[in-house]
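Peer 1: sequence and predicted structure, then a few things I'm wondering about:
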Amino acid sequence: MFPEFKDKLTKKQQKWLFRIILGATGFVALGILEHAGAFDEDRWWLGLIAALIPYLIVGYDVIRKSVRNISHGDVFDENFLMMIATFGAFGIGEYREAVAVMLLYQIGELFQNYATGKSRDSISQLMELAPKTVVVERGAETEEVDPDEVETGEIIVVRPGERIPLDGEVIEGESMIDTSALTGESVPRAARVGDAVISGCVNGKGLLKIRTTKCYEDSTVAKILELVENATDKKTRVENFVTRFARVYTPIVTIGALILAIIPPLVLSGGSEVWISWIRRACIFLVVSCPCALVISVPLGFFGGIGAASRIGVLVKGSNYLEVLSYVKTIVFDKTGTLTKGEFRVSSILPAEGFAPTDRPDASTAKPEEALLEIAAYAEHYSTHPVAEAVRDAYGQSADLSRIGSTEEIPGHGICAVIDGRQVLAGNAKLMRKYGISFQENLQGGTVVYVACDGTFAGTIVISDTMKDGVPAAIRDLKAAGVKQTVMLTGDSEAAAQAIAKEAGVDQVRSQLLPADKVEIVEKLLKEQDGRDALAFVGDGINDAPVLMRSDVGIAMGAIGSDAAIEAADIVLMDDDVRKIAWTVRIARKTMRIIHTNIIFAIVVKILILILSVFGIANMWMAIFGDVGVLILCILNAMRLMGRQE
Amino acid sequence: MKKKYKLDEIDCANCALKLENAIKEMDGVSNVKVNYMMQKMTLEADDASFDAVEKSVIALCKRMEPDMDVSAV
């Protein structure tokens, strides 16, 4: 019928669909015959037979299951309730409705089966990250084995276009590898001899020989798969609600149906008309007694949300973390590695007024800035301090060693050197005071190097940690996604911290912190959260495990290949793109919105139909909508999450 | 100890929920998770009595969901 669609169904689903089509044909035939007046008063049994044929074609397995389950004493089994409801409809002469209930019930079930299979496939695409076999060099020969069987330190061969099965180090070959399946990052990375590569990436055009550094179980890909597979095992608040609701809903509605079928007709002591009218109402109760639409919405929704996050390279370790993330009002950043790159760079050079370049021949052409940087770079030439490295990097030229007379490093202060026969001081304010230099203190922020030449202040070089690209936009994006407060924690000086925070657009700063202070601050902020509001902590996964664990949601960035970070965090950004935090918050909010909508929609529709049927206003068709219609709408709504996120 | 099983053809989300609740109440089961989406069950029980618990859990699965296949992963 629909060849492309049919190919996507399993054997079991195809058989199911065939029965539904057959039953539907019978149902249409029944309608035509009934309309033509084929079954008049005397031949009512003909109508019953004509209805029973399609009924049994579509519903025989429901009847089989319900008989089997009722023998175990499960009276609230949905198959059983569906059977009773349809038998009841037959009993009161509503043959067409009985067939329709069974037919549509099966359509709903098939659709549910198809939808969950499909969303399982979308996660299984991740599973394809793990190659089934691997070529390993053993002695002079190569063997093709299961990745499980490869030991640490063995040499594996990865041909062009293949997935890297185990974490390791390249020992031969050169290639570009595609990490997009793990990071969502489409630009390939170069892999040369000595580079560490991680499993799950696709090898580009070159053949690589890799010495494994981990066994399969500990490899990145195995860890990720396990996390994703188990993510929906974590119980969420919303799931607990649905579980409790489902446990009471079906028994209450079923008992309600029983009461409705018996008590009112007895009390009203009417004839068969009265009995039929109340039994019809009871049947409607039974048809809407299954809480399936609610129950399926929760795992299907979270599955979609976690899948959507994994497609942008964000690993969510549990449905519960996605739920909490949707309530996040405060995000705390550990500055280094999240907002800044953790690399020092000269950000400004401020020569002192009246600073004259040296008496070297080219001095007249040199700008004071260049001259200041030059003497600082010479003074710092032998220092290994990161600040010295930044100054040398900014200078960028190789030094003429004959110009350096002597250098002395004064710990905690800076450098005292002789350059071109002149005394040069380069260091912090303490150094200047120690030598009695009158200098202008720099309050702008950043790490500052003061330079003095022959006892006179020459100028200031400001060094700062460089901010990552797109940070201000990412912070704005978080605000737009509903985050109320952003806080930055850092060990830097107050001035430096303020400068970065201002540039990034962060609301609050806590500076000059020791690692232990961070836990304390996060705990204090946690106490300030109202009600359900949650706090997320973003770190680079290095040294901040205690804070990651203490916060409501711990987010680790740039965690690819770092087991410790994956272990400690609840949500892991495989690369270090800070914008992905806002995207993930949006995914979380959307997931929860869809799940909540589904739950409210399903409960409201079902209860409305129950109330209407008590008063005899609802009919069987409305009940079918309340069961199958709601189920299908909820599934379709949840499946919206599986589409591409912008 | 902890063991994982693949559940083939579990009927519906509500059935998975009911199965999980029923297994949870069994003697000797310290924890169980029935993951409908992954069609998977994780069973935890004491090492000493694990085999016996496993046997009765599988029997319960067969009774509650006769069309479902349970196989250890």
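Peer 2: Okay, I see it. Numbers count the residues shown, from 1 in each chain, chains lettered A, B, ... in the order given.
Peer 1: and the helix or strand hosting A:Glu409, C-alpha only, in CSV?
Peer 2: In this structure, A:Glu409 is located in strand A:404-410 according to DSSP states H and E. C-alpha atoms of strand A:404-410 as CSV (Å, rounded to 0.1, in the frame of the first residue of the first chain):
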residue,chain,number,x,y,z
ILE,A,404,71.2,40.8,28.4
GLY,A,405,73.7,41.5,31.1
SER,A,406,72.4,39.8,34.2
THR,A,407,68.9,38.8,35.4
GLU,A,408,67.7,38.0,38.9
GLU,A,409,64.3,36.7,39.7
ILE,A,410,62.9,38.0,43.0
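Peer 1: I'd say A:Ser551 and A:Asp544 touch.
Peer 2: No. Between A:Ser551 and A:Asp544 there is no contact under Cβ atoms under 8 Å: 9.9 Å. All C-beta spots, glycine's among them, are computed from the backbone N, C-alpha and C.
Peer 1: returning to what we had before: pull out the buried positions in the strand holding A:Glu409.
Peer 2: Within strand A:404-410, the residues that qualify as buried are A:Ile404, A:Thr407, A:Glu409, counting by 16 or more other Cβ atoms under 10 Å in any protein chain shown.
Peer 1: can you check stretch A:17-29 too?
Peer 2: Buried residues in stretch A:17-29 (16+ other Cβ under 10 Å): A:Leu17, A:Arg19, A:Ile20, A:Gly23, A:Ala24, A:Gly26, A:Phe27.
Peer 1: tell me the residues on the stretch 51-200 of chain A that lie near chain B, please.
Peer 2: Contacts of the stretch 51-200 of chain A with chain B, taken as Cβ under 8 Å from any Cβ of the partner chain, map to A:Lys65, A:Arg68, A:Asn69, A:His72, A:Asp74, A:Glu78, A:Glu109, A:Gln112, A:Thr116, A:Ser119, A:Arg120, A:Ile123.
Peer 1: let me know the closest of those to B:Leu19.
Peer 2: B:Leu19 has its nearest neighbour among those in A:Asp74, at 11.0 Å by Cβ to Cβ.
Peer 1: just checking, what packs against the strand holding A:Glu409?
Peer 2: strand A:414-419 (3 or more Cβ pairs under 8 Å, 6 or more residues apart in numbering or on different chains; DSSP states H and E).
Peer 1: between the strand holding A:Glu409 and strand A:414-419, how many degrees?
Peer 2: Computed by axes from the mean of the first three to the mean of the last three Cα atoms, to 10 degrees, the angle separating strand A:404-410 from strand A:414-419 equals 170 degrees.
Peer 1: tell me the bridge partners for the residue lying closest to A:Glu389 once chain neighbours are set aside.
Peer 2: Among residues not flanking A:Glu389 along the chain, A:Phe344 sits closest, at 7.2 Å (Cβ to Cβ, 6 or more residues apart in numbering or on different chains). Applying DSSP bridges to A:Phe344 gives these bridge partners: A:Asp465.
Peer 1: isn't A:Pro251 right next to A:Leu81, touching?
Peer 2: No. Using Cβ under 8 Å, A:Pro251 is not in contact with A:Leu81; the gap is 10.7 Å.
Peer 1: neighbour-wise, which of those two wins?
Peer 2: Ranked by neighbour count (other Cβ atoms under 10 Å in any protein chain shown), A:Pro251 and A:Leu81 place A:Leu81 first, with 22 against 12.
Peer 1: okay, and that one sits in which element?
Peer 2: Here A:Leu81 is assigned to helix A:78-91, by DSSP H and E.
Peer 1: what residues of that helix count as buried?
Peer 2: Buried-residue list, helix A:78-91, by 16+ other Cβ under 10 Å: A:Glu78, A:Asn79, A:Phe80, A:Leu81, A:Met82, A:Met83, A:Ile84, A:Ala85, A:Thr86, A:Gly88, A:Ala89, A:Phe90.
Peer 1: could you save those as TSV and add columns showing pLDDT?
Peer 2: Shown next, in TSV, are those (pLDDT from 0 to 100):
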residue	pLDDT
A:Glu78	82
A:Asn79	85
A:Phe80	87
A:Leu81	86
A:Met82	89
A:Met83	90
A:Ile84	90
A:Ala85	91
A:Thr86	92
A:Gly88	91
A:Ala89	91
A:Phe90	91
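Peer 1: tell me which residues touch the residue in the stretch 401-550 of chain A that chain B sits nearest to, please.
Peer 2: Relative to chain B, the nearest point of the stretch 401-550 of chain A is A:Met549 (21.7 Å; Cβ to the nearest Cβ). For A:Met549, the contacting residues are A:Ala568, by Cβ atoms under 8 Å, 6 or more residues apart in numbering or on different chains.
Peer 1: how much space separates it from A:Ala569?
Peer 2: Going from A:Met549 to A:Ala569 by Cβ to Cβ, to the nearest Å gives 9 Å.
Peer 1: give me the pLDDT for the spatially closest residue to A:Ala377 that is not a sequence neighbour.
Peer 2: Once flanking residues are discounted, A:Ala377 sits nearest to A:Tyr395: 3.5 Å by Cβ to Cβ, 6+ apart. Per-residue confidence (pLDDT) for A:Tyr395: 87.
Peer 1: count the residues that sit near A:Tyr395.
Peer 2: There are 19 residues near A:Tyr395, going by other Cβ under 10 Å.
Peer 1: contact residues of chain A facing chain B?
Peer 2: Checking chain A against chain B by Cβ under 8 Å from any Cβ, the hits are A:12, A:65, A:68-69, A:72, A:74, A:78, A:109, A:112, A:116, A:119-120, A:123, A:229-230, A:232-233, A:243, A:246-247, A:290-292, A:295-296, A:299-300, A:303.
Peer 1: can I get the buried part of those as one ChimeraX selection?
Peer 2: To isolate the buried members of the residues of chain A next to chain B in ChimeraX, using 16+ other Cβ under 10 Å:
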select /A:65,68,69,74,78,109,112,116,119,120,123,229,230,232,233,243,246,290,291,292,295,296,299,300,303
